[in-house]
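*Asks:* Need coordinates for the below:
(one chain, ligands or ions: 1)
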Amino acid sequence: MTGDYSQELTLLEQVHAGLGSASTLDEFYLIVGGMLVDPNAFGFSRAFFLRYDDRTRSFIGRLALGARSLEEHLQFRNDILEETARLKDLSEMMQREVSDPRFVQPRSVYNLRFHSLWIQLMQMQEDGTNVNAEFKNITIKFDHLPHNHLLGRVMTLENGAVLDKGELGIDGLEAFLKRPFVAGGLVSKRGLNGILIADRIYEQEPLDDKALYHFQWMINHASVSLDNVELVEQLTSTTKRLKEVDRLKTNFLSIVSHELRTPLTSIIGFVRLVEEEKVGPITPPQCDLLKRVSHHAAHLQSMVNDLLEIAEVEAGGMIDVELEAVDPLAAFYNILPKIETRRGSKNITIEPVIRNTVPLIRCDSLALERIYYHLLDNAVKFIPSEGRVTVEFDRRDNELNISIVDTGIGISHENLTRIFDHFYQVDSRLERTYGGMGIGLRVVNLLLKAVGGKITAESTSGVGSRFTITFPVTTIATDHKHGI
Ligand code: ADP
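*Replies:* Sure thing, here's the model as predicted:
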């Protein structure tokens, strides 16, 4: 099948495709203007927009499209015709290359067309040579308008209308309006958004009822599209604001964690001095209490460090790791005493299950200990009073899987996908049963990213959970224990 797809597109389709490709108000106005002055669409010579701001009750000159002289006009028409021809060639080439012509989407060709038209007009705007760029800077206060000013007149019109400056004694925009022109308001849900004016100053075709009908039809469609564009702009600005709030939160986290770190280090240091009897003898009950202070202070310190780390990564930083040959079993035994103190009075057994030879992995030993700490801490925390935690080491081909398995409360299917988000907790009430800040798994994730491991979670509510961390095992790591 051959044929000219652009000819088959109705004006309606062109308008829909053009308006649909706008995502900001500036784009929207430019695209509407592009269509109005396009000889293949509406065929006006020039188009003007004035945005109306209902808070300040003023008109702000937005833009004027079209030429300032007949030569410019002819050049502009020529450019657009060349553009049309180029796109026609493109659509024909697509038809030749695609055996089934139904796959050639005229709409996407037209999206492309209005987009490139828009870019072209935008470029012309920037150097100010081709279009009426000075129009951009007009600001007119509504209250200052004389009674017969064009803008006031158009605001009271329900639809578009053909107006003649001379005949009607209309004032305003003298430099632009010389002949009869069409004008109408663009109204979104919010109210009057702007005024659109177009004329045929360099064209012979008269502004008759047909031209008015087309213009009116166009502004009706454009008014409907405006709601979408305004919505997109709102969403974009909300997203921007939220990003800013998020950045402030990250900043705040980072400052608070830094400030908490210093006094904490002193507390831990001084308690140790007293505990080690460097400042005089202490009784066994005092020693016992100091041990608890030390333990809680150390936990607090690790939470502060986690917060700081998250804040740093969110601010675009990286977790500092030093990759070396690490024995995963030794790291597990290193962290075990810390976890045992977290167990408190609960009756929980913690034991490793070694399925086959545990290879060395390329990792950072401190990072690995912190990963174990968070996973084991959760395993112990989410077992209500008694149960079992096993740590399974299982080498499969070139991977080492370490699973932390508990017989705790488990996690429902829908929550399982969210637990790695930071600050996410299945139970987010203030008076929740289990403590924590909802950052442990986020830290685990960041650490694993830094050392090149990954994590998966499986769980059944009321039965227990299994968190599996996986590290690649290189042959060097197994054959030459210290050669990584
Ligand atoms: P938290 O400090 O709250 O433990 P985490 O990021 O470590 O924060 O975990 C996020 C949430 O995931 C927890 O609040 C909990 O609801 C759930 N969770 C994590 N590990 C387990 C587990 N082993 N058993 C049950 N729930 C868990």
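
*Asks:* Tell me which residues of the helix or strand Leu400 falls within come out buried.
*Replies:* According to DSSP states H and E, Leu400 maps onto strand 399-406. The neighbour-count check on strand 399-406 (16 or more other C-beta atoms under 10 Å) flags Leu400, Ile402, Ser403, Ile404, Val405, Asp406 as buried. Placement of C-beta: from N, CA and C, glycine included.

*Asks:* repeat for stretch 283-302
*Replies:* Neighbour-count burial for stretch 283-302 [16+ other C-beta under 10 Å]: Leu290, Ser294, Ala297, Gln301, Ser302.

*Asks:* Mind listing what's buried along stretch 247-265?
*Replies:* Here stretch 247-265 shows Thr250, Leu253, Ser254, Ser257, Leu260, Leu264 as buried, counting by 16+ other C-beta under 10 Å.

*Asks:* Closest one of these to Ala161?
*Replies:* The closest of these to Ala161 turns out to be Thr250 (C-beta to C-beta; 54.6 Å).

*Asks:* and the gap between that closest one and the ligand?
*Replies:* Distance of Thr250 to the ligand, given as C-beta to the nearest ligand atom, to the nearest Å: 17 Å.

*Asks:* Excluding chain neighbours, what is closest to that residue?
*Replies:* Of all residues not flanking Thr250 in the chain, Glu314 sits nearest, at 4.4 Å (C-beta to C-beta, 6 or more residues apart in numbering).

*Asks:* Just the local confidence number for the one you found, please.
*Replies:* You'll see Glu314 listed with a pLDDT of 76.

*Asks:* Which SSE is immediately downstream of the strand holding Leu400?
*Replies:* helix 413-416.

*Asks:* Can you name every helix or strand that that next one contacts?
*Replies:* strand 454-460 (3 or more C-beta pairs under 8 Å, 6 or more residues apart in numbering; DSSP states H and E).

*Asks:* The strand it packs on - which strands sit beside it in the sheet, and in what orientation?
*Replies:* strand 464-472 (antiparallel) (DSSP bridges).

*Asks:* Check which element follows the helix or strand where His296 lies along the chain.
*Replies:* For His296, the host element (DSSP H and E) is helix 284-314. Downstream of helix 284-314, the next assigned helix or strand under DSSP H and E is strand 324-326.

*Asks:* Show me what that next one is packed up against.
*Replies:* strand 361-363, helix 365-381.

*Asks:* Could you rerun that using 7 Å?
*Replies:* strand 361-363 (3 or more C-beta pairs under 7 Å, 6 or more residues apart in numbering; DSSP states H and E).

*Asks:* Give me the mean pLDDT for the strand it packs on.
*Replies:* 93.

*Asks:* again, but for stretch 41-55
*Replies:* 87.

*Asks:* What parts of the stretch 101-250 of the chain come near the ligand?
*Replies:* For the stretch 101-250 of the chain, no residue is in contact with the ligand (C-beta under 6 Å from any ligand atom).

*Asks:* Cross-check the contact I'm expecting between Gly410 and Ser465.
*Replies:* Yes: between Gly410 and Ser465 there is a contact under C-beta atoms under 7 Å: 5.7 Å.

*Asks:* ok, the two, which is more surrounded?
*Replies:* More crowded of Gly410 and Ser465, by other C-beta atoms under 10 Å: Ser465, with 25 against 19.
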